[in-house]
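In: okay, sequence plus prediction incoming.
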Amino acid sequence: MGSYKSCPLKEWVEAVKEVELAKSNANKMSNILGVHHKHTLLKLELLVSCTVLPLLIKGFKGIEGDGFDYLWAYDKLMGMWTELSSTAMSSMTEEIKAIAAEAPARKAATDDCLGVFAADPTSVIAEEYAHFAEHELVQVLYEASSIDGINASLLDDYWSWGDGAERPGRVHGKFKKFVCKKKGLVSIKWPDATTCKTERLFGLDADEKTYMLQPEFDMQLEDFDGGTAAPIPVGIYDTFHLARANLRDVKVLTARAKRAMAPVTAYFQDRILVKRAGQVSRMKAARYFNPLHIKAEPATTADIDALAQFSMVRHPRVSIHYAKLIDELDLYNKLASDIKPLEARQVTKRNRNGVETKVDTFNIREWWLGVQSRLPATFEMLRVMLLHCPSSAAVERLFSILSDTFTCDQRRAYGDYVELSMKLQYNSRTR
């Protein structure tokens, strides 16, 4: 990522200021970069953008065509979703560590404290106990609007028992309130006690004082008296890391990176996986006509039934071919299995930059033309399926060519001339 002084963005801003281009905005950007913690956050956001954008471009470019692109559109979408929802964060791990290493040191002790809780935004945990903010039980208790009535239990080793005293194994108590959130002091009512007692949730080993969250006491939250289930600790909340100001903590920067990615994954899930679930399901069914998919996962009658999602199969001229798919199923699986494996199909080619890459030589169009006579019904269904477009990109591209070619002074051009021009230009650009 480079240091602050060697940041390319810093150099770019200084160059813009020298030529007095966008002087006001350049000064604002320079001020932002001059604040070290803002500079760190800006680098983190740039990292997220540079990670997410290539994934989106790669995924959507794979489904922006027409024809055969529809047959693998589902795999492209699901691959993009997997990368966005899981592998994208893991791919940024080393870069996040580098940003954290270059982040400015803390300016004050409270910078590393847990600054905000849902219940009490003003509460903080003292610096020496700050690491306890990551404990799941601490997060549950501090997040609650009130701890009054929350039951807890500990192993009886928490107390000193007299010789011969009967030890119950676990002792249950009921929380009443926080005495001091900063130091983790709570008021709790123990069995057979007439008054509440102040106990320590957490502490330091150097204090040589017992506290409830010591691992050997196995503190647990129990059900409420009315039978309602106890608050469930769900692990480390990213929300709590977002509230911390120590940008040298990798967990804090990771939480901020997840927050920056959240709108992307939420949009993808809502607009594509939920609102367009029907379209996605039809894309999945269309994989039946991709022989490479059938080679990996042989087709079944269930795959043929899934094609019924397309209203076209009920058309009289299409339904007669759809009904014959089952008769050609075994032969289709056999022909697909005979396709050479990927290693045998790949050849090494050099691009314009001199970089050698392996290219798959399988041509799906030629394969289908070669098996047309042996799979006549499946081939006819394929022709109908190729009328679908995975996205509107192909249509938008055609309209762009049309508007660029025929301007307002050519509105009287013959329709067949316009059609021929569009076909020639579109096919020469995209084929």
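Out: Perfect, I can see it now.
In: tell me how the chain divides into domains.
Out: Domain assignment for the chain by automatic domain parsing gives 35-104+252-275, 109-246, 280-390, 392-431.
In: can I get the ones you listed in TSV with mean pLDDT and mean neighbour count?
Out: Where C-beta positions appear, they are placed from N, C-alpha and C, glycine not excepted. Compiled in TSV, those are given as follows (pLDDT from 0 to 100; neighbours: other C-beta atoms under 10 Å):
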stretch	mean pLDDT	mean neighbour count
domain 35-104+252-275	82	17
domain 109-246	75	15
domain 280-390	92	15
domain 392-431	81	11
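In: now stretch 361-369: how far from the chain's centre is it?
Out: 35 Å (C-alpha atoms, centre = their mean, to the nearest Å).
In: try stretch 138-146
Out: 28 Å.
In: kindly report the same for stretch 288-301.
Out: Relative to its parent chain, stretch 288-301 has a centroid offset of 28 Å by C-alpha atoms, centre = their mean.
In: mind starting the numbering at 32 from now?
Out: Happy to do that; since the first residue is 32 now, the last one works out to stretch 319-332.
In: so what touches stretch 447-454?
Out: Contact with stretch 447-454 is made by Leu429, Ile432, Leu433, Thr436, Phe437, as judged by C-beta atoms under 8 Å, 6 or more residues apart in numbering.
In: can you check stretch 179-193 too?
Out: 172, 175, 198-208, 219, 241, 243, 247-256, 261-262.
In: before we move on, what about stretch 222-242?
Out: 159-160, 163, 166, 169, 172, 189, 202-204, 207, 210, 214-221, 243-244.
In: so which of those sit within strands?
Out: By the criterion of DSSP state E, membership of the contacts of stretch 222-242 in strands covers Val202, His203, Gly204, Lys207, Val210, Leu216, Val217, Ser218, Ile219, Lys220.
In: Leu278: which of those residues is nearest?
Out: Proximity of the ones in strands among the contacts of stretch 222-242 to Leu278 (C-beta to C-beta) peaks at Leu216, which lies at 29.7 Å.
In: so that closest one touches Lys208, yeah?
Out: No: here Leu216 does not reach Lys208: they are 10.0 Å apart, not a contact under C-beta atoms under 8 Å.
In: backbone dihedrals for the spatially most central residue of the chain, both of them.
Out: By C-alpha atoms, centre = their mean, the mean C-alpha position of the chain lies nearest to Ser116, the distance being 2.2 Å. The phi/psi pair for Ser116 (degrees, to the nearest 10) reads phi -90, psi -20.
In: same question for Phe255.
Out: phi -70, psi 160.
In: contacts only, for it.
Out: Gly180, Ile181, Asn182, Ala261.
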